[in-house]
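Chemist: Turn this into a structure:
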Amino acid sequence: MTDSLDSILNELQDPRKEAIFAFHEEFRDKIYASKGSSHNHQNWEGGYADHIADACRIVTVLHLSLTGLFSEVPVSLDSAIIVLYFHDIEKIWKYTDGTFIDKVEWYEKILPERGITFSSEELNALRYTHGEGDDYRKDARVMNELAALCHAADNLSARMWHSKR
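Modeler: Model (predicted):
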């Protein structure tokens, strides 16, 4: 599905698009070789790219559908796609050469040095795309709206189409 992920990124209107494409080209071989997980979803060679593309397509449908149902969707579709593109960044190396990276260092230092900075809303979404886990609080909202939308798309991809190519 090489063209699929490339096509999704090509549709971005965000000013970071060029820097994101540079990252994508630099790590293309690893992105398309990596598995989506060790076992639970898209665990085949290239499954990582399939999972990211699936999640981006799902978030596009969700965003368009919610826009039709409500007067305003409080998040940018481009932000959702960018968050989903980077939310599992560690898998690019983990499932190709066994290297473990610090995602937070990439989000807060390495990617910004490459021209890819994240808003506080996007950093929250990057942190909570997989859910709130132990950070959940009944007295305060932890996951923001963007994180909730990305979590829904990620979860649908990983749980509904986990074994489909």
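Chemist: contacts and neighbour counts: CA atoms only from here.
Modeler: Fine.
Chemist: Distance check, residue 88 against residue 18.
Modeler: 20 Å (Cα to Cα, to the nearest Å).
Chemist: now do residue 25
Modeler: Distance from residue 25 to residue 18, by Cα to Cα: 10 Å.
Chemist: do the same with residue 89
Modeler: 18 Å.
Chemist: Likewise for residue 113?
Modeler: Counting by Cα to Cα, the gap from residue 113 to residue 18 is 14 Å.
Chemist: Settle it for me: which of these two has more neighbours?
Modeler: More neighbours surround residue 18 than the other of residue 113 and residue 18, with 15 against 11 (other Cα atoms under 10 Å).
Chemist: The residue most central in space within the chain: which element?
Modeler: Per Cα atoms, centre = their mean, the C-alpha nearest to the average position across the chain is that of residue 84, at 1.4 Å. Element membership for residue 84 (DSSP states H and E) is helix 77-86.
Chemist: Could you list the residues in contact with that helix?
Modeler: With Cα atoms under 8 Å, 6 or more residues apart in numbering as the test, helix 77-86 has contacts from 12-14, 52, 55-56, 59-60, 63, 122, 125-126, 129, 146, 149-150, 154.
Chemist: OK, contacts around the residue lying closest to residue 136 once chain neighbours are set aside?
Modeler: Nearest residue to residue 136, sequence neighbours excluded (Cα to Cα, 6 or more residues apart in numbering): residue 142, at 6.5 Å. Residues near residue 142 by Cα under 8 Å, 6+ apart: 132, 135-136.
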